[in-house]
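**Q** Here is a sequence together with a model predicted from it:
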Amino acid sequence: MSRMREKAAQGLKAGDVFTVTRTFSQTETEAFGELTRDYNPVHYDPEFAGVRGFPQLILHGLLTAGMVCEVGGQLAWLATGMDFRFRGPVFFGDTITCTVTVTSVDQRGWAKAEALYTNQDGAVVVSAKMEGQLPRGEAQARLQERLEHGDPYNPLR
């Protein structure tokens, strides 16, 4: 079972930390471009990327930033706001680690978190702040029930 999902069912608190790591391919960024209709040439045309100061093609920033969705989804977090800062390029084949730290949780389950994304060399490529609502009450009980039945809708279990 997902450690994140189990932690969400138990209840999150300030200081909880969750980490996901992923290596992105050119195929994934092309699929993301198709989905979002973002055909910026820095993702597709090596010469254009070079003119913009990149030694090679770069991933879509929001594809990288979207790693936080894995954490949020596993925590059943309903996001109400996200603020991303893109600090460096991500290239095909880079391995990115996204570390999410819960910074506050109130009695109603409204929470804030910060995320830091680093590449395989330890360079920060994205930072983010998020806020939203965590499962509480009936939603938290339903999440626990799902876990007891093998979390059937969660392929990351």
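**A** Structure's in. What do you need? Remember, predicted model here, so these are calculated numbers, not experimental data.
**Q** where exactly do the strands run in the protein?
**A** Ranges of strands in the chain, per DSSP state E, are 17-23, 78-86, 95-105, 110-118, 124-133.
**Q** Of those strands, flag the one that's most buried.
**A** For these, the largest average neighbour count (mean count of other Cβ atoms under 10 Å) is found in strand 110-118, namely a mean of 20. Backbone N, C-alpha and C define where each C-beta goes, glycine included.
**Q** With residue 55 as the reference, name the closest of the strands of the chain.
**A** strand 124-133 (14.9 Å; Cβ to Cβ).
**Q** Using PDB, write out every CA atom in the closest one.
**A** What follows is strand 124-133, C-alpha atoms only, in PDB (Å, rounded to 0.1, in the frame of the first residue of the first chain):
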ATOM      1  CA  VAL A 124      17.000  23.100  -7.800                       C
ATOM      2  CA  VAL A 125      14.900  23.300 -11.000                       C
ATOM      3  CA  VAL A 126      11.400  24.100  -9.500                       C
ATOM      4  CA  SER A 127      10.100  25.400  -6.200                       C
ATOM      5  CA  ALA A 128       6.500  25.600  -5.200                       C
ATOM      6  CA  LYS A 129       4.000  26.500  -2.600                       C
ATOM      7  CA  MET A 130       0.600  24.800  -2.300                       C
ATOM      8  CA  GLU A 131      -2.500  25.000  -0.300                       C
ATOM      9  CA  GLY A 132      -5.700  23.000  -0.100                       C
ATOM     10  CA  GLN A 133      -7.900  20.700   1.900                       C
END
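**Q** show me where pLDDT drops low in the chain?
**A** Of all residues in the chain, those with pLDDT under 70 make up the ranges 1.
**Q** If we use 90, what do you get?
**A** 1-3, 5, 29, 137, 141, 151-157 (pLDDT under 90).
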